[in-house]
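1. build the 3D model from these lines:
(one chain, ligands or ions: 2)
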Amino acid sequence: MKKIFFASVICISITSCGGDKKTTESKNVVNMNPQFDSYKINFIEQLWKIYPGWASSQGYHKYDSILVVPNEASRSKELNFAKANLDSLKTFDINGLSDNNKTDYYMIENQLKSAEWAINEQKSFEWNPSEYNVSGAFAEILNGNYDSLDVRLRNFYLKMANIPAYYEAAKKNIKNPTLEHTQLAIEQNLGGISVFETDLHEALNKVKFGEHEKQSIEATAKQAVIAIKGFTDWLKKTDNKTPRSFRLGKELYSKKFEFDIQSGYTVDQIYEKAITHKKELHENMFVLADKLWTKYMNSASKPTDSLQLIRQVIDKISLNHVKPEEFQTTIEKQMPVLIDFIKQKKLIYIDPSKPLVVRKEPEYMAGVAGASISAPGPYDKNGNTYYNVGSLAGWDKEKAESYLREYNHYILQILNIHEAIPGHYTQLVYSNQSPSLIKSLFGNNAMIEGWAVYTERMMLENGYGNNEDEMWLMYYKWNLRSTCNTILDYSVHTKNMSKEDAMNLLMNEAFQQKTEAEGKWRRVSVTQVQLCCYFTGYTEIYDFREEFKKQEGDKFNLKQFHEKFLSYGSGPVKYIKELMVADTKQFSK
Ligand code: ZN
Ligand code: ZN
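-> Numbering: from 1, shown residues only. Ligands and ions are numbered 1, 2, ... in the order given. Reported below is the predicted structural model:
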């Protein structure tokens, strides 16, 4: 379940943005949309000057040759930019903006305040050495297909010039780093060196540059490698007697949750909801596993521990899975089945003119099995949307078997719902219909992931999988994962949860394998809040739907609810909710 990048048509014309149809009713309110639309264009142009690396990653390549040195000067530039734009925002009367622009306004504001907070309060540039790593951005230039290799290599060359200064600034910034992020920085920086050695060399062999130019490029690359190794050596030998804890602490954590998730709930409310939800899932699972016991375990005696009982039944059901060589074709065959089901049950309109292209996972993604959506970035209008499906070819038998048990007959269908239809892919098609560059760039991850997680339950509630007990049991197990991710993240960062307790939660209460649980522990020790976005977004959408259903009574229509909800684009759920309730009231008047 990886973050996906959203395609959107860039809307440069000042007057004709699709989402601006609705103007305000009140005569006292001035229509601010034309001014705000031109403000946004200007804002993004300035944004890319401050963050050229971010621009490149979004497909805006004007500043590809620039590497920002992360020093005091660049941080004050960032702060000045934030302050100036927060001031500009104040000049707009929010009541004079369309729905589309209102959410854009809030999202820009959040982005700027979050940048200020990161520099002034969070200060991870001091304690997280893994923030310093140039190889990813350089690899993207080499792998990109947006321009000729000649052009890309020359930008690569110019951008390399600042690498030594970049790492010198990094060393000056770092104070009492956490051990976990220090270790990660060493691994990732050393791992990235191949970009400047092997990958660059191979690329140079493909172009017809003069000998002199090639030599200058190779020489600059050598300096880059020396700088990277110098940084990792420095990290290894720097005396760090009082390392900072990787646990963020309650105060910073709550604030980061506010900025990153932009939820209508506080982080404490979400944690309480996750705890309650886990309990309900266990109760539901026990009922099903108990009922299925004889079917799968024959006359074996039931364990007295209910979690043990559930685990044994789950392990048996997991044996029902496809053969490794059928993994891709099975996924492909499920797409039309999902579409037919959605049509027949009238769950949401799916535009047949924008089919999802299922493809074998491309070379550079190999190793990350499973399935993911690749959508073109906001500046790449004509790109296709792909469903990348990993192949298990070449995997050893044991690894493939364990993987296929995890993505068994039932979970594989839930994965397709999540990633493709009506999950990520369907949401993407809708979000492209209300184009907003702001929403594409600052897209709210909790809304995006929350929608995908919401659709899993929604499909089952409408009878997908014929209400089979096995399907529901496996769904609950899958849903436990995102629920426990939230409990884990919150507990580790704000309640000092030990690794032992974390492993117990993941393995005994969420039925995960040891390798999966170990990986999750590693992830929670180098990230914060990110693991909460699935459950938070799901909870907000589900709760909102239930509220809305109550409010609408007999008039409630699930298909209309879904279509309307997605029509606002990838903004935070709390704003979509506000706008949708207001629009519905207006409509029924
Ligand atoms: Zn996802
Ligand atoms: Zn098997």
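
2. buried residues in stretch 314-324?
-> Residues of stretch 314-324 classed as buried by neighbour count (16 or more other CB atoms under 10 Å): 314, 316-318, 321-322, 324. Where C-beta positions appear, they are placed from N, C-alpha and C, glycine not excepted.

3. quick check: end-to-end length of that stretch?
-> 20 Å (CA to CA, to the nearest Å).

4. about what we covered before: quick one: mark the members of the buried residues of stretch 314-324 that sit in helices.
-> Using DSSP state H, the subset of those located in helices is 314, 316-317.

5. centre of the chain to the helix ranked longest in the chain, how far?
-> For the chain, the longest helix by residue count, based on DSSP H, is helix 267-297. Taking CA atoms, centre = their mean, to the nearest Å, one finds helix 267-297 lying 26 Å from the centre of the chain it belongs to.

6. helices or strands up against that helix?
-> Judged by 3 or more CB pairs under 8 Å, 6 or more residues apart in numbering; DSSP states H and E, helix 267-297 is in contact with helix 250-261, helix 306-317, helix 469-494, helix 533-552.

7. which one of those helices is the most hemmed in?
-> helix 469-494 (a mean of 23; mean count of other CB atoms under 10 Å).

8. ok and that helix relative to helix 267-297, angle-wise?
-> 150 degrees (axes from the mean of the first three to the mean of the last three CA atoms, to 10 degrees).

9. domain ranges for the chain?
-> As given by automatic domain parsing, the domain ranges for the chain are 2-122, 130-237, 303-580.

10. between the ones you listed, which one is closest to Arg247.
-> Comparison of these against Arg247 by CB to CB identifies domain 303-580 as nearest, at 5.1 Å.

11. before we move on, the earlier item: adding distance to Glu202, write the buried residues of stretch 314-324 out as JSON lines.
-> Formatted as JSON lines, these follow (distance: CB to CB, whole Å):
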{"residue": "Ile314", "distance to Glu202": "46"}
{"residue": "Lys316", "distance to Glu202": "49"}
{"residue": "Ile317", "distance to Glu202": "47"}
{"residue": "Ser318", "distance to Glu202": "42"}
{"residue": "His321", "distance to Glu202": "38"}
{"residue": "Val322", "distance to Glu202": "36"}
{"residue": "Pro324", "distance to Glu202": "31"}
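
12. what helix or strand is the residue in the stretch 451-589 of the chain positioned nearest to ligand 1 on?
-> When scored by CB to the ion, the stretch 451-589 of the chain has Ala452 as its residue closest to ligand 1, at 4.4 Å. Using DSSP states H and E, Ala452 maps to helix 445-461.

13. ok, Asn388 next?
-> strand 386-389.

14. just the closest of the ones in helices among the buried residues of stretch 314-324 to ligand 1, please.
-> Nearest to ligand 1 among these, with distances taken as CB to the ion, is Ile314, at 22.2 Å.

15. my read: that closest one touches Lys477, true?
-> Yes: using CB atoms under 8 Å, Ile314 is in contact with Lys477, at 5.9 Å.

16. give me the common contacts of these two.
-> Counting by CB atoms under 8 Å, 6 or more residues apart in numbering, the common neighbours of Ile314 and Lys477 are Phe511.

17. which positions in the stretch 451-589 of the chain make contact with ligand 1?
-> Ala452 (CB under 5 Å from the ion).

18. can you put the ones in helices among the buried residues of stretch 314-324 in CSV and add distance to ligand 1 and pLDDT?
-> Shown next, in CSV, are these (distance: CB to the ion, whole Å; pLDDT from 0 to 100):
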residue, distance to ligand 1, pLDDT
Ile314, 22, 97
Lys316, 28, 97
Ile317, 23, 97
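
19. closest to Ala582 among these?
-> Ile314 (44.3 Å).

20. ok, now which ones touch that closest one?
-> 289, 473-474, 477, 511.

21. ditto for Lys83
-> Glu116.

22. give me the element it is part of.
-> helix 72-90.

23. send the alpha carbons of that helix over as CSV?
-> Only the C-alpha atoms of helix 72-90 are listed here, as CSV (Å, rounded to 0.1, in the frame of the first residue of the first chain):
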residue,chain,number,x,y,z
GLU,A,72,20.7,28.5,7.8
ALA,A,73,20.3,30.6,4.7
SER,A,74,18.1,28.1,2.9
ARG,A,75,16.0,27.7,6.0
SER,A,76,15.4,31.4,6.4
LYS,A,77,14.4,31.6,2.7
GLU,A,78,11.8,28.9,3.5
LEU,A,79,10.6,30.7,6.5
ASN,A,80,10.3,34.0,4.6
PHE,A,81,8.4,32.3,1.9
ALA,A,82,6.0,30.8,4.4
LYS,A,83,5.4,34.1,6.2
ALA,A,84,4.9,36.1,3.0
ASN,A,85,2.3,33.6,1.7
LEU,A,86,0.5,33.3,5.0
ASP,A,87,0.2,37.1,4.8
SER,A,88,-1.1,36.9,1.2
LEU,A,89,-3.7,34.3,2.2
LYS,A,90,-5.1,36.7,4.8
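
24. so who does Ala118 touch?
-> Ser124.

25. ok, it to ligand 1 distance?
-> Computed as CB to the ion, to the nearest Å, the Ala118 to ligand 1 distance reads 25 Å.

26. quick one on the thing from earlier: make a markdown table out of the ones in helices among the buried residues of stretch 314-324 and add distance to Ser254.
-> Below are those laid out as a markdown table (distance: CB to CB, whole Å):
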| residue | distance to Ser254 |
| --- | --- |
| Ile314 | 35 |
| Lys316 | 42 |
| Ile317 | 39 |
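
27. about what we covered before: which helices and strands sit right next to the strand holding Asn388?
-> helix 327-344, strand 357-360, strand 371-374.

28. in contact with the residue in the stretch 201-350 of the chain positioned nearest to ligand 1, which residues?
-> The stretch 201-350 of the chain approaches ligand 1 most closely through Ile261 (15.0 Å), counting by CB to the ion. Ile261 is in contact with 444-446, 529, 532-533, 536-537, 572, counting by CB under 8 Å, 6+ apart.

29. again, but for Ser402
-> Ser402 touches Gln513, counting by CB under 8 Å, 6+ apart.

30. tell me which element it falls in.
-> Going by DSSP H and E, Ser402 is in helix 397-406.

31. quick one, that helix and helix 306-317 angle?
-> 110 degrees.

32. any idea how far whatever helix or strand comes next after helix 397-406 is from the chain center?
-> In the C-terminal direction, the helix or strand that comes right after helix 397-406 (DSSP H and E) is helix 409-419. Computed by CA atoms, centre = their mean, the separation of helix 409-419 from the middle of its chain amounts to 18 Å.

33. list the neighbours of the next helix or strand after helix 409-419 that are in contact with it.
-> Per DSSP H and E, the first helix or strand lying C-terminal to helix 409-419 is helix 424-431. For helix 424-431, contacts defined as CB under 8 Å, 6+ apart pick out 4, 6-8, 348, 350-351, 354, 356, 373, 375, 385, 387, 418-420, 439-440, 443, 448, 451-452, 455, 563, 566-567, 569-570.

34. dump the residue contacts of Val207.
-> Contacts of Val207 (CB under 8 Å, 6+ apart): 149-150, 153.

35. er, Asp290 I mean
-> Contacts of Asp290 by CB under 8 Å, 6+ apart are 302, 309.

36. now do Glu258
-> Val267.

37. same check, this time on the one 4 residues further on
-> Shown here is Gln262, whose contacts under the criterion CB under 8 Å, 6+ apart are 106, 110, 444, 446, 572, 574-575.

38. among the contacts of helix 424-431, the buried ones, what's the PyMOL command?
-> The PyMOL selection below is limited to those of those classed as buried (16+ other CB under 10 Å):
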select buried, resi 4+6+7+8+348+350+356+373+375+385+387+418+419+420+439+440+443+448+451+452+455+566+567+569+570
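
39. quick one, which of the domains of the chain is packed in tightest?
-> domain 303-580 (a mean of 19).

40. mind checking the end-to-end distance for that domain?
-> 49 Å.

41. returning to what we had before: let's have the contacts of Val207 in JSON lines, adding pLDDT.
-> Converted to JSON lines, the contacts of Val207 look like this (pLDDT from 0 to 100):
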{"residue": "Leu149", "pLDDT": "96"}
{"residue": "Asp150", "pLDDT": "97"}
{"residue": "Leu153", "pLDDT": "97"}
